[in-house]
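# from the sequence below, what's the structure:
(2 chains)
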Amino acid sequence: MGTVTILDYPFMVRALLAALFTGLAAPAVGTYLVQRRLALMGDGIGHIAVTGVGLGLLTGRSPVWTAIAVAILGALLIELIRERGRAGGDVALALIFYGGIAGGVMVTGLAGGSAQTLHNYLFGSITTVSSQDVWVVVALAAGVIFIALGFAPQLFAVCQDEEFARAAGLRVRAYNITTSVLAAVTVTVAMRTVGLLLVSALMVVPVATAQQLTRSFKVTILLAMVLGAATSVGGVATAFYVDVPPGATIVLLALSCFVAAWPVGNLVRYRRRLRQPFGEGDGLQPHTVVPEEHGHDHGAACGHPAVPHGDHVDYVHDGHRHAVHGEHYDEH
Amino acid sequence: MTAVIDVESGNLALGGRPVLRGISLSVKQGEVVALLGSNGSGKSTLVRGLMGLVKWSGGDVRLFDVSLPSFRDWHRVGYVPQQLAATSGVPATVKEVVSSGRLSRRRLLLPMRQADRAAVRSAIATVELTDRRHDAVSQLSSGQQQRVLIARALAGEPELFVLDEPNAGVDHHNQLGLARTLANLVDAGATVVVVLHELGPLAGLIDRAVLLQDGRIGYDGPPANDLTLQPTAGHAPVHHHPRSQPDHVPLGPGWEL
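Numbers count the residues shown, from 1 in each chain, chains lettered A, B, ... in the order given. Next up, the predicted model:
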């Protein structure tokens, strides 16, 4: 067969296209959820969307649209509970999650749907995406990406400090609802790619990976989108060649990126902390000359961390801070 | 001169419990007003009420001569909350957080204009964090984070600054820095309302002190030296009081400093 590639199969082209857009959209929304400490919200919406899928199967409509409708309702309900900020909100969320998934299984059973039908939505079945489906996925994902990036300054402010955003005159409620709806749409879009049970992974894991290496919000969201797209496309391609389930492959790929990034992030943070400037203190320390001889002169190349301290530099040296003072070193 | 803040018989209840009762307060343009009071006296609630963050249950509250519910010119107000909201989650740089203070003057979907960038830059410079602007705020000390919040309010170039306990958990060195920053703002004509536990290094700047006691205004006038009288248990009894009750300040019109 020689040069037959993955792109020679129309169903694979569709799958890759759906994966690419899902992979870009999910982390874009996921960044805001992580920032609001609602990393598991995607999971919750995914559970609720199961009921939507069941309703679609029961009524003979397209499960995508019923899932979107139910997911948006669920997301708004979660937002309402969060806004009220009542203690026990997490229990309320749990009730919604379980209600959603049990309702979905029940309704699907009533519809006479086989286990396989539901399975396709729970774990994804990207290679069965029809050409009509793929355009729906691409259009919805593009819309999600546009809003997530276009309104980034406002969404960032609202997620970062809701009270300040309100005092700055932003329509905080509208933005919170926007985030919820974006999350609901993303979940349903990703339903075909990674499945409802794994969708949250695609929203959260690339973000967790990106923030190991970044200091700014902007770089985090962009890097997360790149990682999401790369792991989605890579996962689908891998699944094609190796014959493994694509959804699980995508998530495991994303997780392995995190596992690779985590030690790097730790090292970066450690080194950054070593070089954090020392406080200026109150200038009342006595002048203490370092008694021992140094085998070398401290400097840029001596290997001891050079840490800014007020108007000079301290060299960190076996738990001591040595500062150059004329011909000798002072203990700081 | 018109009042920047005007509250008339304001009542505010939180979860059904009256917190502020019969508050009447007027702050003129250019005034520097300290809101003092012990924990639970309602000073933070008053500030949050003025910022529209909690709903007044009665009375008339006006900002820049516009009734609070219909007030829309939030770019004229710079709010500095007590501390940075959770710093974990997704990292954000000093510049990003300060830029969000500019949103009240920006248009949707359009990038920052020259003036926006300049305002953000100068706000960061004012709080002396220019060399840290690309660092994540979570890496800064609490004093520096406080300065980020002030810069965020500065970025909107407001006329009225409202600061909620800017000195809480901030060491003396940084408190002096805050006093310098505020002095610059005051020189530039800003109106400042600042919630304080004690006047501290800001004493020289304050034109007027308002003492909240159990949700009512107990004193409103020039900042006397011993107005740091906190009816707070555990506070060193260095203040002399006009009456014989060292840990309780009486209410009512008969009381004077």
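# which residues of the stretch 101-250 of chain B lie near chain A?
Within reach of chain A by C-beta under 8 Å from any C-beta of the partner chain, the stretch 101-250 of chain B has these residues: B:101, B:103-104, B:106, B:108-109, B:134-136, B:139, B:141, B:152, B:156, B:173. Any C-beta I mention is one placed from the backbone N, CA and C, and that applies to glycine too.
# let's see 10 Å
By C-beta under 10 Å from any C-beta of the partner chain, the part of the stretch 101-250 of chain B that sits against chain A consists of B:101-106, B:108-112, B:131-132, B:134-141, B:143, B:149, B:152-153, B:155-156, B:158, B:162, B:164, B:171-173.
# residue A:315 sits in which helix or strand?
Using DSSP states H and E, residue A:315 falls within strand A:312-317.
# got the contact list for the closest residue in space to residue A:131 that isn't next to it in sequence?
Nearest residue to residue A:131 in three dimensions, chain neighbours excluded: residue A:14, at 6.1 Å (C-beta to C-beta, 6 or more residues apart in numbering or on different chains). Listed by C-beta atoms under 10 Å, 6 or more residues apart in numbering or on different chains, the contact set of residue A:14 reads A:126, A:127, A:128, A:129, A:130, A:131, A:133, A:134, A:135, A:137, A:138.
# what's the separation between residue A:14 and residue A:155?
Taking C-beta to C-beta, to the nearest Å as the measure, residue A:14 and residue A:155 are separated by 31 Å.
# same check on residue A:303?
From residue A:303 over to residue A:155 the distance is 44 Å, taken as C-beta to C-beta.
# who has more neighbours, those two?
Remark: of residue A:303 and residue A:155, residue A:155 carries more neighbours, 26 against 10, as counted by other C-beta atoms under 10 Å in any protein chain shown.
# now do the SS call for that one.
Three-state assignment for residue A:155 (DSSP: H, G, I helix; E, B strand; the rest coil): helix.
# what's the answer for residue B:89, then?
Residue B:89 falls in the coil class when you classify it by three-state DSSP.
# how about low-confidence regions in the stretch 1-150 of chain B?
Scanning the stretch 1-150 of chain B for pLDDT under 70 picks out the ranges B:1, B:86-88.
# ranges for the helices of it?
B:43-50, B:94-99, B:114-126, B:142-155 (DSSP state H, counting those that start in this stretch).
# for stretch A:314-327, buried residues please.
Within stretch A:314-327, the residues scored as buried using 16 or more other C-beta atoms under 10 Å in any protein chain shown are A:314, A:315, A:316, A:317, A:321, A:322, A:323.
# just give the nearest non-adjacent residue to the first one, would you?
So that's residue A:314. Leaving aside its sequence neighbours, residue A:314 sits nearest to residue A:321 (C-beta to C-beta, 6+ apart; 4.0 Å).
# the one you found contacts residue A:279, doesn't it?
No - with contacts counted by C-beta atoms under 10 Å, residue A:321 stays clear of residue A:279, the gap being 11.6 Å.
# what residues are shared contacts of those two?
Overlap of the contact sets of residue A:321 and residue A:279 (by C-beta under 10 Å, 6+ apart) consists of residue A:309.
# helix or strand for the residue in the stretch 151-300 of chain A that chain B sits nearest to, which one?
For the stretch 151-300 of chain A, the residue closest to chain B is residue A:169, as judged by C-beta to the nearest C-beta, at 2.9 Å. Assigned by DSSP H and E, residue A:169 belongs to no helix or strand.
# pull the longest helix from the chain.
I went with chain A, as the question did not name one. helix A:246-274 (DSSP state H).
# not quite, I wanted chain B
If you go by DSSP H, chain B has its longest helix at helix B:172-187.
# ok, whatever helix or strand comes next after that one: who's next to it in the sheet?
Going down the chain from helix B:172-187, the next helix or strand is strand B:191-195, by DSSP H and E. Neighbouring strands of strand B:191-195 in its sheet, by DSSP bridges, are strand B:32-36 (parallel), strand B:160-164 (parallel).
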